[in-house]
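Colleague: Test case, fold it:
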Amino acid sequence: MNPTPQPNTSDHRVPMKTKVGWGAGGFLENSVGNSISVMALPIFNIALGLSPVWLGWAMSIPRLLDAMIDPLIGTLSDNTRSRWGRRRPWIFAAGIITPICLAMLWSVPPHWGQTATFIWFSFFCTIVFISMSVYGIPYNALGFELSTDYNERTNVQAWRFFFIAISGLLVGWLYRFSLSPLLAGAPQAGVRPEVIGMRNLMWILAPFLMLSALAPCFFAREKTAICAQEKIGLIDGFRMTLRNRPFILFVLLGLFSLTGMQLVAPFGLYIGIFYVCDGSKEFAATIAGVATILNTALSFALIPAVAKISAAIGKRETLLIAQICLMLASLSTWLVFNPAMPWLMVAVIPLNCFALTCFIILSGSVLADICDYDELSTGLRREGMYGAVNLFIGKMAGSSIGILSGYMLLWAGYLNQESISDNVLFRMRLMYLAVPASLGLIGFIITLFFPLTRAKVMEVHAEIGRRRLAQAPSQID
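Modeller: Residues are numbered from 1 along each chain as shown. From the prediction side, this is the model:
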C-alpha cells in the first residue's frame, strides 16, 4: 500500500514558527551528547582519577546498547498511530526524562572509588543515550517530513543548527563555569571544585533543556496523511534500508570525514592544557571558552551562507568544500598550536566551523532527499527507520571510537598524571594532525561518487508527483 497521495502545492515553504519550534530541539540534542564528550575527561579522568581506558569503555558500552535498539525505535515511530501523530508522543516522553538523567550523571559522589564511579557513569550514560535515541529519532524524522522542497529542507535544518550553535556556546564554557567558585561553593577536602560545580550547573540547566526538548511537540506537526500507510516490520525495514545505495554512501562519507576528528578529540584537551598552556587548566579553559564564542558567532553568520551556497551549487558540492576545509584545519594544527602564542589556537576555528556547519545543516536535508529516493523504490515513507539506521551505524562507530580513543592515549604514552613529557606530547600532536586528514581524504573520495545531485533529486520528485497524481482517483474511489 502506498502512502495516501498529497496535493501537489506550489508553496513548499514551512512557516517560521514551525521552523523555530522544531529547531529548538537541537539545543537538547547537542547539549546532551557534547556535554558528555567534552566534560567526561576533565571531570571523571582529571578530577576524579578514573582511568581513560575505563572511561572509554564507560562511554562506549552504553552507546553499543543504545545503537542496538535504534532500528526498533525507528520502526516503532514509523508504525505509531495516535491522535498526536507518529512522532510527538515519543518526543514528549523522552524530552522530560533525558534532562533529569543527564543531571544525575554528573551527580556522582566525589569520594567513591574507581569501580563505583565507573558503574555510576556507565549506568546513567546508558539511560541518557537510550532516552536520547527515543527523543532524537522521532525528532529528526519529524524534521524530514516538514517540507518536500530541495532547498527548503536545508532552510529547515538551518534552524536546528541555529539552536545547536547556541548550545555549543554553552558547552564550550562548561569547564570554565564548573571551576567557578560561585557554582563550586566552599572548598571540600579531597574534592576538586569542578566536580561540584559541574553537578550544580547541570541541575540548573535541566529545566531549560526540558523546555527546548518539548518545543517541537507544540510547534511542529507531521503530515498526517502519511499515517495511513501500511506498517513495516523491523527486519524488513532494516533490510530495505541497507539496500539503498545512496544511503550507504552517505553514511560512509560522513563516517570517514568526521570520525577522524572524534578519534583524536581527547588529545586536544591534553595538548591545550599541557603543551600550549603549560599545565594551566584555567588558561586552557578560558581559551576554549573564547574559542566557543568565536565559533558560535561564525556559526550564526554561516547559517545563511551555507544555505545559499548549497542552493547555488548543490548539497554534494558543498560537502566536498567542507571536507577540504576539515583536512586543511587538521594539517594546520602543527603550526597554530604554539606555546609561544597560545591564542593562535583559535585560528583553526573558521575552517572547522564552516565544515561542521555544512555537515550538520546538510545531513538532515540530504537524508530527507534519500527518503524520497526510497519512496520511489518502495512506495513507503520511512523517515524514522532511515534516521534510526543512520544513528545505529554512527553509534556503533562512535562506540569503537570511544574505546580506541582511550587506547590511543595509552599508545601515545599518556597515563593518569598531572604533567606530560615532551615525547608524549609530540606523539599526540602528530596523531592529532594525521588521523583526521587521512580519513577525511577517504571521505572526500566517497563523496565524489554520491549519486543524489540536485538534478537527480528533481527527477525523483517529479516521478513521485506523477505517481501520486495517478493514484489519487483510486484513493478517492
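Colleague: Next up, the contacts around residue 100.
Modeller: residue 206 (Cβ atoms under 8 Å, 6 or more residues apart in numbering). (C-beta placed from N, C-alpha, C; glycine too.)
Colleague: Low-confidence stretches in the chain?
Modeller: For the chain, applying pLDDT under 70 flags the ranges 1-12, 185-186, 189, 223-231, 399, 402, 415-419, 471-477.
Colleague: Show me which helix runs longest in it.
Modeller: For the chain, the longest helix by residue count, based on DSSP state H, is helix 281-313.
Colleague: And that one, what does it pack against?
Modeller: In terms of contacts (3 or more Cβ pairs under 8 Å, 6 or more residues apart in numbering; DSSP states H and E), helix 281-313 is packed against helix 150-172, helix 174-178, helix 315-336, helix 349-378.
Colleague: Not counting sequence-adjacent ones, nearest residue to residue 392?
Modeller: Leaving out its chain neighbours, the residue that sits closest to residue 392 by Cβ to Cβ, 6 or more residues apart in numbering is residue 70, at 4.2 Å.
Colleague: That neighbour contacts residue 391, correct?
Modeller: Yes: counting by Cβ atoms under 8 Å, residue 391 is a contact partner of residue 70 at 4.8 Å.
Colleague: who has more neighbours, the two?
Modeller: Using other Cβ atoms under 10 Å as the criterion, residue 70 and residue 391 rank with residue 70 on top: 26 against 22.
Colleague: got the contact list for that one?
Modeller: Taking Cβ under 8 Å, 6+ apart as the test, what residue 70 contacts is 133, 137, 388, 389, 391, 392, 395.
Colleague: Measure how buried the last one is and give me the count.
Modeller: By that I understand residue 395. 22.
Colleague: Please convert the helices and strands packed on helix 281-313 to TSV, extending it with mean neighbour count and distance to residue 276.
Modeller: TSV is the format used below for the helices and strands packed on helix 281-313 (neighbours: other Cβ atoms under 10 Å; distance: least, Cβ to Cβ, whole Å):
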stretch	mean neighbour count	distance to residue 276
helix 150-172	23	16
helix 174-178	24	15
helix 315-336	20	10
helix 349-378	22	15
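Colleague: Next, format those as CSV and append distance to residue 256.
Modeller: Shown next, in CSV, are those (distance: least, Cβ to Cβ, whole Å):
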stretch, distance to residue 256
helix 150-172, 21
helix 174-178, 29
helix 315-336, 9
helix 349-378, 12
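Colleague: Of the ones you listed, which is nearest residue 343?
Modeller: helix 315-336 (9.8 Å; Cβ to Cβ).
Colleague: leaving aside the residues next to it on the chain, what's closest to residue 93?
Modeller: residue 134 (7.0 Å).
Colleague: how far away is the nearest residue to residue 309 once chain neighbours are set aside from residue 30?
Modeller: Leaving aside its chain neighbours, residue 309 sits nearest to residue 318 (5.3 Å; criterion: Cβ to Cβ, 6+ apart). Separation of residue 318 from residue 30 (Cβ to Cβ, to the nearest Å) stands at 21 Å.
Colleague: Residue 435 now?
Modeller: From residue 435 to residue 30 the distance is 24 Å (Cβ to Cβ).
Colleague: If you count surrounding residues, which of those two has more?
Modeller: More neighbours surround residue 30 than the other of residue 435 and residue 30, with 22 against 19 (other Cβ under 10 Å).
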